[in-house]
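Q: sequence below, structure please.
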Amino acid sequence: MFGLKYAHVVLLFLITPAHGAIVYIHRVRNASIGISCESPNKEEKPFAFSLKRRLLQSRRVLYLSKEFPPFINKSEDKGRITVRDELDNHTVHLTISNLQGQDTDVYHCEFHYGDLPYDKNVPGQMEFFIYVEDFSHEPCNCSSYLPLLYVISGGACLLGVLVFTLTTAYCCTWLNRRKPQSVVPVYEEMAGVRPTKGKASRCHTDIAKLEEANSSVAHLFSNKNLYVN
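A: Numbering: from 1, shown residues only. The predicted structure follows:
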């Protein structure tokens, strides 16, 4: 039961309220609790009211209609729930006494407007997550906690996938930044500035021709002019 206490606290952060805000209430076994349900619709007057549970047990707990006593669905809840009817003021106050571990659940209110069978249901402004800490040695009905375990497991798996995705993305980014740049070998750079074979051959040919021409001119100037006296 000690572990279930923290499981319910974790569950509080995983529950998405169906309507409005959610209020967390913690009580111990055999304690009492009082909650007030208020309708957001102030323009009409409701003709009836319902208190329902969801998550661990999805069912109606109580139905209240004008000029009639409240109808409580389960016999084990009779005598433990008292109602103060203020439907004309769009409010209903409830007291649940002798709380037990199986009372742990999310409770929400509905106000019924219009005329049957065309009535409309308006949820109350608040939902109530009631956790009853029960240290009794009575056998625990584990099946009632299966939805709770499913929700916690699903939330844990979702968190694990998110952490894994973020870690993988970070590692890939870090490896890309650390990847060394490719280095061009020195011999390739030297080869890049070396003249091609064809150009070298033409250059040597031009130099040879120039040297031959210079030799011819020098030979002409070196010969004596035989016609000069």
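Q: which residue ranges of this structure form helices?
A: Taking DSSP state H, the helices of the chain run over residues 2-14, 146-178, 186-193, 197-222.
Q: lowest average pLDDT across those helices?
A: Lowest mean pLDDT within those: helix 186-193, at a mean of 49.
Q: what about Ile81, distance to Thr165?
A: Distance from Ile81 to Thr165, counting by CB to CB, to the nearest Å: 47 Å. Bear in mind the C-beta positions are built from the backbone N, C-alpha and C, glycine included.
Q: now swap in Gly114 and tell me
A: Separation of Gly114 from Thr165 (CB to CB) stands at 48 Å.
Q: ditto for Arg60
A: For Arg60, the distance to Thr165 equals 41 Å [CB to CB].
Q: who has more neighbours out of these two?
A: Arg60 (14 against 10; other CB atoms under 10 Å).
Q: ok, the more buried one touching Asn73?
A: Yes - counting by CB atoms under 8 Å, Arg60 touches Asn73, with 5.6 Å between them.
Q: neighbours of Lys52, how many?
A: 21.
Q: parallel or antiparallel, list what pairs with the longest strand seen in the chain.
A: When the chain is parsed with DSSP state E, its longest strand is strand 120-133. Strand 120-133 sits in its sheet next to strand 21-28 (parallel), strand 105-113 (antiparallel), going by DSSP bridges.
Q: right, and these - which one's nearest Asn121?
A: strand 105-113 (4.8 Å; CB to CB).
Q: name the residues that touch the closest one?
A: Contact with strand 105-113 is made by 15, 18-19, 22, 35, 37, 39, 41, 44-57, 61, 87, 90, 92, 119-124, 126-130, as judged by CB atoms under 8 Å, 6 or more residues apart in numbering.
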